[in-house]
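In: Provided below for reference: sequence and predicted model.
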Amino acid sequence: MRVKLLCAAAIAVSLCSCSFGADFAQGPADSITMPPGNRVSQTMLAGDKLVTFRSWLDIPYVEKPSEPEYQRLNIYVPEEYFSGASVNGYTAKTAPIFLPNGVGGYMPGKQFIPANDSRHGTPNASLYALSRGYVVVTPAIRGRTLANGKAPALIVDYKAAVRWLRHNKDKLPAGDTEKIISDGLSAGGALSSLLGATGNAKEYEPYLKEVGAYDERDDIFASAVYCPITNLENADMPYEWIFNGVNTYHMGPAREMDDNMKAASEALKKAFPAYLNSLNLGGYMLDENGNGSFRKYIEGLYVAAAQKALDAGENVRGLDWLTVEGDKVTGADLAKYAVWATRMKAAPAFDSLNMKSYENNEFDDKHFTEYSYKHSTAEKPAMADAEKIYIMNPMNFIGREGVKTAKFWRIRHGVKDRDTSIAVPAILALKLKQAGYDADVAAVWNVPHDGNYDLPELFAWIDSICK
Ligand code: DHB
């Protein structure tokens, strides 16, 4: 019945042939005994290509789950690997493992199931990965609305899934556990960067033990990161560095910021240069007015995004914040950009004065910055545990001894994204580069708060680092 249901879902957009077990009794997979899971084989149409793959569903990845419905993963393997064939130059042994998470809003994340349900045309990232010969592993992950899902549950689970893979590496039907690539957007992008940044860091050990994660390494090969809502305790400042002076916010109906919010905007904007300069990002600095090489760098990201769009035949002309001369984009004005983009969140954008943001909820309905704690309008202001704030921030682990950060990073942020300042992913990328990692960062024209919208480019990049 379960198989039928899965097939019914798949058949809406594709062909489907399903069976249990029988097709398992052939090929090199014979010797593989996987942990209990449901085995399903199906065929789906990915673009103009029929993709057949086998699935192992709902495998618990920890021994003492606190939210058993979530702490499970699915494994999807291209059919070709069961007859010794190769796909896109990969074999059963060398196929990289694509590990997307489905986390959004710091909520529980469901498994990112292969489907033709992408908002950006078909297929979604998991199905697309299969079509290019990747093994896809999709953990479900705890989030803030579960009894046991507050910080740092999400990164504990993502790490535990990696550890499960390493523990079972000789039993996997296919896939190279030294080539794991994480992927996520927004809070899921924050999670992808956390997984990439914090490989084997000892701080997570007690949490991993508590859920019965395997005693294995949890470093990964590469991270794909879209619009990460990360560096939370420092993200309010760059939001105001960009949006200060724009006083209408658009979370729900358009509203005006009140005096407390405006005061926060002023203070946080002023505080940003000192924070930025304290990072010593290889010459990217700001003066006390928020001007300087870092500002030029950010404006340059927008210029490059516009140039790429212009070269591709898109219209980027007629915007007062962007200078286009002939066929060259020559400048971007961040102050005018903010007016054009409009402000989404009232100040402070993440650690709300009323202690009611998603991020406050992620931290147990508490503050996580000095500023908001001091200026709280909540009835009973409280500060989150410092250790939890620390281990939720990838910035704290990059370049640190005893930590194995992913070597390769691809970070993207839409030009129309107002959920966090573009300075957040930019700072992450600069910090990675400075520590010697390979970080490919870009803004993307015409894109709002979103991810996985450029799958051919994403997977061309993954191929380029894996092959
Ligand atoms: C997400 C978006 C936000 O604006 C935010 O503050 C946290 C999470 C999200 O889409 O995941």
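Out: Thanks, I have the structure now.
In: close to the ligand: what parts of the stretch 301-450 of the chain are there?
Out: Within reach of the ligand by C-beta under 6 Å from any ligand atom, the stretch 301-450 of the chain has these residues: Y358, D419. Glycine gets a C-beta too; all of them are placed from N, C-alpha and C.
In: low-confidence stretches in the stretch 301-450 of the chain?
Out: Applying pLDDT under 70 to the stretch 301-450 of the chain flags no residue at all.
In: number of residues surrounding the residue in the stretch 251-400 of the chain that the ligand sits nearest to?
Out: Closest residue of the stretch 251-400 of the chain to the ligand, C-beta to the nearest ligand atom: Y358 (4.5 Å). Other residues near Y358 come to 17 when the count uses other C-beta atoms under 10 Å.
In: do the same with N289
Out: 10.
In: how about it: what's its closest non-neighbour residue?
Out: P273 (7.9 Å; C-beta to C-beta, 6 or more residues apart in numbering).
In: what about that neighbour, helix or strand, and which?
Out: Assessed by DSSP states H and E, P273 sits inside helix 259-278.
In: from the ligand, how far out is L50?
Out: 33 Å (C-beta to the nearest ligand atom, to the nearest Å).
In: which SS state does that residue fall under?
Out: Here L50 is recorded as strand under DSSP: H, G, I helix; E, B strand; the rest coil.
In: who's the nearest residue to it once chain neighbours are set aside bridged to?
Out: Nearest residue to L50, sequence neighbours excluded (C-beta to C-beta, 6+ apart): T43, at 5.6 Å. According to DSSP bridges, the partner residues bridging T43 are T52.
In: would you confirm that T43 contacts R54?
Out: No - counting by C-beta atoms under 8 Å, T43 does not reach R54; the two are 10.7 Å apart.
In: ok, the residue nearest to L50 - how many residues close by?
Out: By other C-beta under 10 Å, neighbour count at T43 equals 18.
In: ok, now which ones touch the residue in the stretch 201-350 of the chain that the ligand sits nearest to?
Out: The shortest separation between the stretch 201-350 of the chain and the ligand is 4.1 Å, found at I229 (distances taken as C-beta to the nearest ligand atom). Neighbour list for I229: Y106, S186, A187, G189, A190, A235, F350, E359, D419, T420, V424 [criterion: C-beta atoms under 8 Å, 6 or more residues apart in numbering].
In: how many other residues sit next to the last one?
Out: For V424, the number of neighbouring residues by other C-beta under 10 Å comes to 28.
In: the inter-axis angle of the one helix or strand it maps to versus helix 259-278?
Out: Using DSSP H and E, V424 falls within helix 423-434. Counting by axes from the mean of the first three to the mean of the last three C-alpha atoms, to 10 degrees, helix 423-434 lies at 10 degrees to helix 259-278.
In: what residues does the helix or strand just after helix 423-434 touch?
Out: Where DSSP H and E defines the elements, the next helix or strand beyond helix 423-434 is strand 438-444. Strand 438-444 is contacted by residues 301-302, 304-305, 308, 407-415, 422, 425-426, 428-430, 432-433, 453-454, 461, 465 when judged by C-beta under 8 Å, 6+ apart.
In: could you export strand 438-444 as CSV, CA atoms only?
Out: Provided in CSV are the C-alpha atoms of strand 438-444 (Å, rounded to 0.1, in the frame of the first residue of the first chain):
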residue,chain,number,x,y,z
ASP,A,438,37.5,27.8,-1.4
ALA,A,439,34.4,30.0,-1.2
ASP,A,440,32.5,31.0,-4.3
VAL,A,441,30.1,33.8,-3.4
ALA,A,442,27.7,35.7,-5.6
ALA,A,443,24.5,37.7,-5.5
VAL,A,444,21.9,36.6,-8.0
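In: let me know the pLDDT of the closest residue to the ligand within the chain.
Out: Closest residue of the chain to the ligand, C-beta to the nearest ligand atom: S186 (3.0 Å). Listed pLDDT for S186 reads 98.
In: and for G282?
Out: For G282, the predicted pLDDT is 88.
In: for the residue nearest the centre of the chain, which non-adjacent residue is closest in space?
Out: Residue closest to the mean C-alpha point of the chain, counted by C-alpha atoms, centre = their mean, is G189 at 1.6 Å. For G189, ignoring the flanking residues on the chain, the nearest one in space by C-beta to C-beta, 6+ apart is P228 at 3.6 Å.
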